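Visitor: For reference, the sequence and a predicted model appear below.
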Amino acid sequence: MTHVPMDLRLAPDHALTRVRRTALVVGVAGLAVSAVGAFLSPPQFLRSYLVAYLFWLGVPLGSLAILMINHITGGAWGAIVRRILESGTRTLPLMAIAFVPIVVGLRALYPWAQPAALDDPLLAHKHVYLNVPFFLGRAVFYFAAWMVVAHFLNRWSLEQDATDDPAPAHRLEQLSRGGLLLLGLTMTFASIDWAMSLEPRWFSTIYGVIFMGGSVVTAFAVVIPVAAVLAADPPAREVMTPSRFHDLGKLLLAFVMLWAYFSYSQFLIIWSANLPEEVPWYVARLHGGWQWPALAIVVFHFALPFLVLLSRDVKRRARTLAVVALALVVARFLDVFWLVTPAFSPEHLSVHALDAAAVLGLGGVWVALFLRQLEDRPLVPLRDPSLAPEGA
């Protein structure tokens, strides 16, 4: 087995350390503005916060999915970003705490949680599933499942650093096989509970898959720029090579296409069927100004990234690929905003200052914790056979 010949760690004056400090300042300022907004306009705060929360939750969950895919399939593409992905998964306790405002505002956000919902025959029929105690119990189970899987993925990955024994790698693979199935199920139900049930009279059997695919795109879009910054340093450049960024670019393209395929499939099936209980969901999102975010999503979440990522040169240049990834971060937020906000404002496009404050506030704190976690461990696995020098 080939060992990575250095215990790479972030230096105290590294660019990412400076980013962490800036992110924390932005996060605290954004949360302060959001707190004022929560006092002045509680309904708007809850709506903005829910969008921000669902967007940032996609990064640790997407990171968890990518980690397990790599442990099952192998490959240096995953090894070079494994520590970045693991740092993302270790932010799940923060996201569990950040779920509290949604719990507090449950009845203001979700129509089925209001006492009057039982007067509606359809909502009364769904009450067996959509009720507050069961909703909260499921949320506790989701976070517990995600954090247990993340704990052992991180723990056994560190054990692999300390020994040439293949046992930790075998345990990681076996855990990932079952964990990926568990993640798929829990993310599906979480997306139904926290996003789709905002409009409980509407449903889609592919909604959870769209949420999962989007989360993986979000995770790649965050991880790739971090890897590009690390690759600028000579020691890390030995393992974070152009060919490995090429692999990351191909995977980013694949998941962008997967997200687009499922999103278009949902639209095509619902629109062509023209059922009165399904079509209004899209009608609200294609009129009253909402058609412009929809068009931007088509262009910047699929068409342009698809065309740009076809280029081999783009995928091999870390900085260029990072720019594309950062643009996709913005497109991902726009997509989550477009999916969620029309549930509260179906007649016309609604954009509020708290939308920016919430996403910057929660995001700043998340990024600060994420980069702090990255400082605690070697930046690349020390005993991974896939990280043999190219040509060796």
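Guide: On my side now, so go ahead.

Visitor: Hmm, W271 is touching W281, no?
Guide: No: using Cβ atoms under 8 Å, W271 makes no contact with W281, being 10.3 Å away. Just so you know, the C-beta spots here come from the backbone N, C-alpha and C atoms, and that holds for glycine as well.

Visitor: what about the two, which has more around it?
Guide: It is W281, of W271 and W281, that has more neighbours when counted by other Cβ atoms under 10 Å, with 21 against 14.

Visitor: Run through the residues that contact the more buried one.
Guide: 199, 202, 204, 270 (Cβ atoms under 8 Å, 6 or more residues apart in numbering).

Visitor: what about the last one, which helix or strand?
Guide: Translated: I270. Using DSSP states H and E, I270 falls within helix 242-273.

Visitor: how far does whatever helix or strand comes next after that helix sit from the chain's center?
Guide: Toward the C-terminus, helix 242-273 is succeeded by helix 279-285 as the next helix or strand (DSSP H and E). The chain centre lies 25 Å from the centre of helix 279-285; the measure is Cα atoms, centre = their mean, to the nearest Å.

Visitor: how about helix 279-285: buried residues?
Guide: The neighbour-count check on helix 279-285 (16 or more other Cβ atoms under 10 Å) flags 281-282, 284-285 as buried.

Visitor: Repeat that for stretch 137-156.
Guide: By 16+ other Cβ under 10 Å, the buried positions in stretch 137-156 come out as 138-139, 142-143, 146-147, 149-150, 153-154, 156.

Visitor: Turn the residues you listed into a markdown table, including secondary structure, pLDDT and distance to A318.
Guide: What follows is these, written out as a markdown table (DSSP: H, G, I helix; E, B strand; the rest coil; pLDDT from 0 to 100; distance: Cβ to Cβ, whole Å):
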| residue | secondary structure | pLDDT | distance to A318 |
| --- | --- | --- | --- |
| R138 | helix | 98 | 40 |
| A139 | helix | 98 | 38 |
| Y142 | helix | 98 | 34 |
| F143 | helix | 98 | 34 |
| W146 | helix | 98 | 30 |
| M147 | helix | 98 | 31 |
| V149 | helix | 98 | 30 |
| A150 | helix | 98 | 27 |
| L153 | helix | 97 | 25 |
| N154 | helix | 96 | 25 |
| W156 | helix | 94 | 29 |
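
Visitor: nearest to L106, of these?
Guide: A139 (10.1 Å; Cβ to Cβ).

Visitor: so that closest one makes contact with F99?
Guide: Yes: counting by Cβ under 8 Å, A139 touches F99, with 6.6 Å between them.

Visitor: So what touches stretch 158-165?
Guide: So stretch 158-165 is contacted by 1, 168-169, 172, 377-378, 381-384 (Cβ under 8 Å, 6+ apart).

Visitor: whoops, I mixed them up, stretch 347-357
Guide: Counting by Cβ under 8 Å, 6+ apart, 30-31, 33-34, 37, 41, 44-45, 47-49, 51-52, 284, 288-290, 292-293, 337, 341, 344 sit against stretch 347-357.

Visitor: So which of those residues belong to helices?
Guide: The members of the contacts of stretch 347-357 that map onto helices under DSSP state H are 30-31, 33-34, 37, 44-45, 47-49, 51-52, 284, 292-293, 337.

Visitor: Give me the buried entries from these.
Guide: 30-31, 33-34, 37, 44-45, 47-49, 51-52, 284, 293, 337.

Visitor: next one: phi and psi at the closest residue to V226 other than its chain neighbours?
Guide: Spatial nearest neighbour of V226, chain neighbours left out: I84 (5.2 Å); criterion: Cβ to Cβ, 6 or more residues apart in numbering. In this entry, I84 is assigned phi and psi values of phi -70, psi -50 (degrees, to the nearest 10).

Visitor: For H301, give its distance to A353.
Guide: 24 Å (Cβ to Cβ, to the nearest Å).

Visitor: Neighbour count: those two, which is higher?
Guide: Between H301 and A353, H301 has the larger neighbour count (other Cβ under 10 Å), namely 24 against 12.

Visitor: Does that one touch L328 like I think?
Guide: Yes: checked against Cβ under 8 Å, the pair H301 and L328 is within contact range at 7.0 Å.

Visitor: Quick check: neighbours shared by the two?
Guide: Contacts common to H301 and L328, judged by Cβ under 8 Å, 6+ apart, are V256.

Visitor: Report how many residues lie close to the residue nearest to W292 when sequence neighbours are not counted.
Guide: Leaving aside its chain neighbours, W292 sits nearest to L349 (7.2 Å; criterion: Cβ to Cβ, 6+ apart). Using other Cβ under 10 Å, L349 has 15 other residues around it.

Visitor: sec struct for L349, please.
Guide: Taken by DSSP: H, G, I helix; E, B strand; the rest coil, the conformation at L349 corresponds to coil.

Visitor: now swap in H125 and tell me
Guide: helix.

Visitor: now that we're looking at it, how far away is W112 from it?
Guide: According to Cβ to Cβ, H125 stands 11 Å off from W112.

Visitor: Check A356 too.
Guide: 29 Å.

Visitor: Fine, thanks again, bye for now.
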